[in-house]
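Novice: generate a structure from the sequence data that follows.
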Amino acid sequence: MTEYREWTHDGTELAWLSARLGRPEPGPGHLVSEILPDGYEAYVRIFHRFESLDGATAGPRWREWAERSGVPFVPELSHRWLKDGLETEDEDGEVTTVRWVAEDGALDAASRRALTTALAAVTGDQPVHYAWDLAAVTNGLDRPLVRTAPLAGLEQLRTELAATVGESGPEYWWPEDRGWVVSSDYDLLSTYVACDTATAALLLADPALETIAAAPHTRVDWDTEVPRVEA
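Specialist: Modelled structure (predicted):
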């Protein structure tokens with residue numbers, strides 16, 4: 001007999017956050033407001049880096065691939081808009097098509113380091129809460145898993161919990177004062193940040209991160225449509 005359990009954030013550190021998620025009205029796809037709480041001055045999308053299928057070679061940036069695919073670099077850019085691989089020419093003039101992948105559910109290590117460095121500049125030594133939500137469900141836990149550690153302790157925490165919740169995530173992290181919230185949804189190829197305008201400016205100007213300004217109404221799902229260009 002199958003046993004069903006109710007999954008709830010009530011009584012957990014995620015309760016405040018989940019109470020502020022949702023969308024103002026029904027519509028297609030999913031929005032930033034469904035994965036990040038309302039009430040923040042700014043929202044930023046951080047693109048997960050592309051790499052070769054074997055993980056040995058860094059791939060192009062999303063902006064470059066969008067340009068070479070003839071589509072605009074916009075907040076709702078989907079990987080489905082991009083060409084299926086990019087042609088490259090070696091020194092002998094031989095052209096090959098290279099295919100690239102980006103990880104869903106987690107920023108790559110280099111981007112995580114850049115993000116934690118940028119956030120440390122505005123957060124100081126505040127404790128930070130890290131939450132695994134759906135990853136906890138799929139790994140048989142009874143409730144979301146939340147741990148508290150400094151920003152500098154994120155990588156050690158990920159290593160310690162890998163056997164419990166896998167290698168993705170954390171899905172949410174935020175400091176004690178809730179000055180910002182980071183969301184790496186398990187099914188998305190980008191991470192999103194809710195913050196104030198000053199923090200957003202830091203992230204958008206950081207050359208180690210590929211970012212673009214977003215908004216609560218920005219769609220985050222894969223099925224967005226390429227904007228029409230008026231003639």
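
Novice: centroid residue for the chain?
Specialist: Among the residues of the chain, the one closest to the centroid is residue 191, at 1.3 Å (CA atoms, centre = their mean).

Novice: just grab the bridge partners of that one for me.
Specialist: residue 46 (DSSP bridges).

Novice: so it touches residue 173, yeah?
Specialist: No. Judged on CB atoms under 8 Å, residue 191 makes no contact with residue 173 at a distance of 10.1 Å. Backbone N, C-alpha and C define where each C-beta goes, glycine included.

Novice: wait, doesn't residue 118 sit right on residue 209?
Specialist: Yes. Residue 118 is in contact with residue 209 according to CB under 8 Å; the separation is 7.5 Å.

Novice: who touches both of these two?
Specialist: Listed as contacting both residue 118 and residue 209 by CB atoms under 8 Å, 6 or more residues apart in numbering are residue 203.

Novice: which of the two has more residues huddled nearby?
Specialist: Legend: neighbour count by other CB atoms under 10 Å for residue 118 and residue 209, higher for residue 209 (22 against 19).

Novice: got a list of what residue 29 touches?
Specialist: With CB under 8 Å, 6+ apart, residue 29 has these contacts: 219, 220, 221, 223, 224.

Novice: and whichever helix in the chain runs longest, what's buried?
Specialist: Looking across the chain with DSSP state H, the single longest helix is helix 109-123. Using 16 or more other CB atoms under 10 Å as the test for burial, helix 109-123 gives 111, 112, 114, 115, 116, 118, 119, 120, 123.

Novice: kindly report the same for stretch 204-211.
Specialist: For stretch 204-211, by 16+ other CB under 10 Å, it's 206, 209, 210, 211.

Novice: thank you kindly, that will do.
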